[in-house]
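Student: Structure, please.
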Amino acid sequence: VAPSEPPQLSAAVASDPWCIPDSMSCGLCLREANETDCPAAPDNLERCDEQYASKFPVAGGFCEGSGACGTQKDLNNCMPGKFDVY
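Tutor: Numbering: from 1, shown residues only. Next up, the predicted model:
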């Protein structure tokens, strides 16, 4: 089975200056989470990748950076645990 194309972003989202530029190629508009906004259980987050974009097309969720889609594996913005949350 051939991989599907990532979802297309709306023009408003695609021009959002807060999106990590490389995240848009995956059909996502990712932003680094503020430490105060980190989820209670960051160890249970989905990876930020093209599969995440197809499962969760609605804005407002959290995902774990894995190096895909412009994310960093060493952002460490959610402590304790050094999680890379977007």
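
Student: Check the gap between E35 and S25 for me.
Tutor: Here the criterion is C-beta to C-beta, to the nearest Å. By it, E35 lies 27 Å from S25. C-beta here means a position set from N, CA and C on the backbone, and glycine is covered the same way.

Student: same question but for P80, I mixed them up
Tutor: Applying C-beta to C-beta to P80 and S25 gives a distance of 32 Å.

Student: Comparing these two, which residue is more hemmed in?
Tutor: S25 (11 against 6; other C-beta atoms under 10 Å).

Student: Could you tell me how many residues sit around G81?
Tutor: Using other C-beta under 10 Å, G81 has 11 neighbouring residues.

Student: quick one: it from G60, how far?
Tutor: In terms of C-beta to C-beta, G81 sits 22 Å off from G60.

Student: With T71 instead?
Tutor: T71 sits 17 Å away from G60, going by C-beta to C-beta.

Student: So for these two, which sits in the more crowded spot?
Tutor: Under the criterion of other C-beta under 10 Å, the comparison of T71 against G60 puts T71 first, with 24 against 5.

Student: how many neighbours does the nearest residue to that one once chain neighbours are set aside have?
Tutor: Among residues not flanking T71 along the chain, G65 sits closest, at 3.2 Å (C-beta to C-beta, 6 or more residues apart in numbering). Per other C-beta under 10 Å, the neighbour tally for G65 reads 27.

Student: Just to check, G65 is in contact with V85?
Tutor: Yes: if you go by C-beta atoms under 8 Å, G65 and V85 touch, sitting 7.2 Å apart.

Student: I am finished for the moment; much appreciated.
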